[in-house]
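Peer 1: From the sequence below, what's the structure:
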Amino acid sequence: MSDSTTSEFDRLSDAAAATRAQLFDTLDAIEDKLNLPKQIGIAASNVKRGLNENPGPYLAALAAGVAVVGGIVVSVLRRR
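Peer 2: The predicted structure follows:
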């Protein structure tokens, strides 16, 4: 083979290897996104960190949730 053919082959081989590596990275990222237990763990970790740094918004959301559930309970009990 001539030098130009060999260098073209090497270039194509390198491009294929880079594309293959990108594909594996993409598949790993998709697998991580679809791994529900892992995503729940990440979300729980983020909530714990947020509670330690700034608990105000979390407490406000909790109070709003309690108010909504309480309103539903009162509404159901009044209909009886």
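
Peer 1: Distance-wise, check the most centrally placed residue in the chain relative to residue 20.
Peer 2: Centrality entry for the chain: nearest residue to the mean C-alpha point is residue 33, 5.2 Å, by C-alpha atoms, centre = their mean. Distance, residue 33 to residue 20, using C-beta to C-beta, to the nearest Å: 21 Å. The way it works is simple: take the backbone N, C-alpha and C, and place the C-beta from them, glycine included.

Peer 1: Please work out which residues outside stretch 55-71 touch it.
Peer 2: Stretch 55-71 is contacted from outside by 47, 50-51, using C-beta atoms under 8 Å, 6 or more residues apart in numbering.

Peer 1: Can you give me the buried ones in it?
Peer 2: Going by neighbour count (16 or more other C-beta atoms under 10 Å), nothing in stretch 55-71 comes out as buried.

Peer 1: gap between that stretch and the chain center?
Peer 2: Taking C-alpha atoms, centre = their mean, to the nearest Å, one finds the center of stretch 55-71 at 25 Å from the center of the full chain.

Peer 1: how about the CA coordinates for it, as PDB?
Peer 2: C-alpha atoms of stretch 55-71 as PDB (Å, rounded to 0.1, in the frame of the first residue of the first chain):
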ATOM      1  CA  PRO A  55     -34.600  24.700  54.200                       C
ATOM      2  CA  GLY A  56     -37.000  27.600  53.600                       C
ATOM      3  CA  PRO A  57     -38.400  26.500  50.200                       C
ATOM      4  CA  TYR A  58     -38.700  22.900  51.300                       C
ATOM      5  CA  LEU A  59     -40.600  23.900  54.500                       C
ATOM      6  CA  ALA A  60     -42.900  26.100  52.400                       C
ATOM      7  CA  ALA A  61     -43.600  23.200  50.000                       C
ATOM      8  CA  LEU A  62     -44.300  20.900  52.900                       C
ATOM      9  CA  ALA A  63     -46.700  23.400  54.500                       C
ATOM     10  CA  ALA A  64     -48.500  23.900  51.100                       C
ATOM     11  CA  GLY A  65     -48.800  20.100  50.700                       C
ATOM     12  CA  VAL A  66     -50.200  19.800  54.200                       C
ATOM     13  CA  ALA A  67     -52.700  22.600  53.500                       C
ATOM     14  CA  VAL A  68     -53.900  20.900  50.200                       C
ATOM     15  CA  VAL A  69     -54.300  17.500  51.900                       C
ATOM     16  CA  GLY A  70     -56.100  19.100  54.800                       C
ATOM     17  CA  GLY A  71     -58.400  20.900  52.500                       C
END
